[in-house]
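*Asks:* dropping the sequence and predicted coords here.
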Amino acid sequence: MRMPNIAPYGAWPSPISAATVAAGATPLSQLALGGQGDVLWLAGRPQEGGRATLLRHRGGATTELTPLPANVRSRVHEYGGGAYAVAGDMVVFCHDGDRRLYRQVGDAPAAPFTQPNRQRFADFAIDTARGRLIAVREQHPHDPASHAHPDNTLCAVGFNGVETVLVQGNDFYAAPRLSPDGRQLAWLAWDHPRMPWQGTELWLANIDDDGALGTARMVAGGPDEAICQPEWAPDGALYFVSDRSGWWNLYRHADNGPHAVCPMAAEFGAPHWVFGNAMYGFTSATEIVATYIEQGVSKLARIDVGSGALTAIDTPYGEIRELKAGPGFVAVLAGSPVLPLQLARIDLASGERTVLAQSIESVPDAGYLSVPASIRYPSANGRSAYAFYYAPANQDMQAPQGSKPPVIVIGHGGPTGMTVNTLKLATQYWTSRGFGVLDVNYGGSTGFGRAYRDLLKGQWGIVDVEDCVAGARHLVQQGLADPDRLIIRGSSAGGLTTLCALAFHDVFKLGASYYGVSDLKGLDQDSHKFESHYNEYLIAPAAEADAVYRQRSPIHHTDQLACPMIFFQGLDDMVVPPSQSVAMVQALKRRGIPVAYMELEGEGHGFRKADTVIRTLEAERYFYLRMFGLHDATPGLAAPVEIHNL
């Protein structure tokens with residue numbers, strides 16, 4: 001048996017390179033079922049500028065339906081999703097290059113049926129009988145410099161290009177869903193200042209013979225009830241997910257009010273950041289297959305709609321991101337700590353699982369993988385927080401006896417989001433080099449019920465930070481982390497968590513911000529429509545906002561920031577504009593604190609290009625090693641970014 005080599009934690013050589021991370025992770029999203037037992041999905045192409053392409057699995061073979069230059073992507077609400085739909089052998093999709101809608105039937109080439117304009121479309125329902133598509137339409141102003149918000153409606157778009165507004169008046173719409181007989185339409189609507197996980201309304205209307213909608217009626221929801229994923233059963237019954245009990249559970253619409261199908265202290269829904277997400281579906285009029293989340297971990301089950309009885313379906317997965325159900329089978333996007341995100345078809349009679357695609361084609365040897373422990377630990381004011389802890393793992397390496405590893409604490413984005421334990425090469429990149437990683441589901445995260453989600457109400461920049469700080473201290477107390485080499489990193493909302501932790505606490509020694517928020521007032525001024533009132537919930541109502549914003553915005557407290565930092569920023573970011581990162585970097589430069597900054601052309605809010613992944617990871621690693629004095633222990637280490645004030 002070969003003895004492992006000895007090297008300091010953080011300086012271990014690893015076969016999981018930045019290029020491996022960039023090339024190995026193919027984004028998979030948005031499942032759909034078509035005719036002939038087809039399974040369709042979107043796959044990212046990092047090597048092709050980050051475009052998304054539509055794939056179809058039929059009869060044992062996978063075909064790309066949208067080759068270059070097609071990019072199947074919607075930008076409604078800026079986050080997009082719901083960029084295509086399928087009905088039998090017909091596919092309709094949105095091409096990001098010209099924002100036009102395209103229709104493709106059988107093996108014929110795709111043809112556009114709308115004109116290039118200032119409109120965006122998402123979340124499609126194909127109305128085959130009337131030769132049209134029903135979609136969320138977002139009309140942007142003629143003059144972008146006006147900074148006016150776009151207008152959102154539900155719109156019918158004929159395959160001849162004629163557009164007809166069906167529903168208007170609300171600030172936002174989602175999930176238009178046609179009944180099986182095509183005679184009714186259900187949809188979701190909500191208004192400022194609410195976000196869709198705070199309060200939404202489920203509406204229902206008959207469809208007249210001329211295709212217009214009859215009188216609409218609200219059948220569920222309200223300002224304090226979040227509805228998501230309305231779906232029609234094969235028998236014409238309308239189902240949806242509501243958090244009226246404190247948990248996102250399944251309900252069936254009835255004349256005397258919503259009927260709870262399978263009440264549980266579990267989450268059958270997720271926040272509406274993107275369109276088209278599905279966590280349940282019907283194998284028949286009497287059976288639902290659903291995924292649900294307990295304590296941050298996903299499970300799969302069959303539910304008898306009459307009795308509400310739940311029967312577990314055994315899978316190897318700890319995260320089930322999305323599913324589509326068909327007669328006798330279910331297709332899932334799922335993963336586990338040792339399995340990358342996979343698209344799998346599960347036969348419900350035999351339990352046989354067929355993997356149709358996976359995000360990482362070549363999984364590293366298990367000896368280089370860290371399997372996370374799900375932990376619960378004490379945080380501020382007597383509450384508990386949750387996280388996944390990844391210990392350093394590399395079969396070839398060992399640290400000097402008695403030493404403790406540097407630990408990277410990650411605050412996820414959102415902030416109404418959730419971190420999961422599916423295998424991520426970006427995490428294993430660090431653990432295989434001798435870093436520990438603590439991936440935190442702080443108060444405000446999804447997956448733990450509405451009460452836990454509402455812990456962040458008025459407390460963004462406080463509760464999330466306290467839970468990250470408490471997690472780092474917990475690891476130190478358990479002997480799992482070097483207190484002098486604690487790092488915090490985050491993206492978007494997690495970037496604010498990072499900056500607040502460094503400005504207002506003295507636990508962390510380094511930080512990394514990926515397109516992070518530093519100025520809450522600036523975020524309000526520059527934010528897009530979808531999130532333009534989000535801070536009224538997260539921080540304070542408008543009347544009180546200025547004072548609280550200033551108190552919590554790290555840009556106003558750089559005098560309290562004494563830790564070196566590295567910033568990464570996409571120049572096309574419309575959610576957190578580059579000016580926020582630039583202002584923070586300049587402030588740190590003036591104070592003489594070591595700081596590095598990397599800006600990325602052609603990247604927005606979330607990086608898509610393979611070259612970007614490589615450049616940012618290598619720069620971040622170099623920054624950490626240089627700051628901790630470990631660069632001499634890593635021969636051949638290049639300097640991919642300039643560190644000012646070094």
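*Replies:* Happy to help now that I have it. Numbering: from 1, shown residues only.

*Asks:* the nearest residue to V363 once chain neighbours are set aside sits in which helix or strand?
*Replies:* Spatial nearest neighbour of V363, excluding adjacent residues (C-beta to C-beta, 6 or more residues apart in numbering): P340 at 6.3 Å. (Glycine included, C-beta is placed from N, CA and C.) Secondary structure assignment for P340, by DSSP states H and E: strand 339-347.

*Asks:* can I get that strand in CSV, CA atoms only?
*Replies:* Extracted C-alpha coordinates of strand 339-347, given in CSV (Å, rounded to 0.1, in the frame of the first residue of the first chain):
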residue,chain,number,x,y,z
LEU,A,339,-23.5,11.2,-8.2
PRO,A,340,-23.5,14.3,-10.4
LEU,A,341,-26.7,15.8,-11.6
GLN,A,342,-28.3,13.1,-13.8
LEU,A,343,-31.3,12.9,-16.1
ALA,A,344,-32.8,9.5,-15.3
ARG,A,345,-35.9,7.6,-16.4
ILE,A,346,-37.3,5.4,-13.6
ASP,A,347,-39.7,2.6,-14.5
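
*Asks:* the helix or strand encompassing L188: partners in the sheet, and parallel or antiparallel?
*Replies:* If you go by DSSP H and E, L188 is part of strand 184-190. On the basis of DSSP bridges, the sheet neighbours of strand 184-190 come out as strand 172-178 (antiparallel), strand 201-206 (antiparallel).

*Asks:* which residues sit against the longest one?
*Replies:* Outside of strand 172-178, the residues within contact range by C-beta atoms under 8 Å, 6 or more residues apart in numbering are 77, 123, 125, 127, 134-136, 152-154, 167, 184-191, 196, 200, 228-232, 272, 275, 530.

*Asks:* avg pLDDT for stretch 326-340?
*Replies:* For stretch 326-340, the mean pLDDT works out to 95.

*Asks:* any idea how far apart the tips of it sit?
*Replies:* Stretch 326-340 has an end-to-end distance of 24 Å (C-alpha to C-alpha, to the nearest Å).

*Asks:* give the buried residues for it.
*Replies:* Neighbour-count burial for stretch 326-340, with 16 or more other C-beta atoms under 10 Å as criterion, is recorded at 326, 329-337, 339-340.

*Asks:* report the distance from that stretch to the chain centre.
*Replies:* Stretch 326-340 has its C-alpha centroid displaced from the chain centroid by 18 Å (C-alpha atoms, centre = their mean, to the nearest Å).

*Asks:* now stretch 429-446
*Replies:* 16 Å.

*Asks:* part of a helix, is G367?
*Replies:* Yes. Membership of G367 in a helix is supported by DSSP: H, G, I helix; E, B strand; the rest coil.

*Asks:* how deep is the residue lying closest to it once chain neighbours are set aside tucked in, by neighbour count?
*Replies:* With sequence-adjacent residues excluded and distances taken as C-beta to C-beta, 6+ apart, G367 is closest to Q395, at 3.0 Å. Applying other C-beta atoms under 10 Å, we find 13 residues neighbouring Q395.

*Asks:* any stretches of the stretch 501-646 of the chain with poor pLDDT?
*Replies:* By pLDDT under 70, the weakly predicted segments of the stretch 501-646 of the chain are 526, 636.

*Asks:* could you pull out the strands for it?
*Replies:* 510-514, 565-570, 595-600, 643-644 (DSSP state E, counting those that start in this stretch).

*Asks:* pull the longest helix from this protein.
*Replies:* The residue-count maximum for a helix in the chain (DSSP state H) belongs to helix 610-627.
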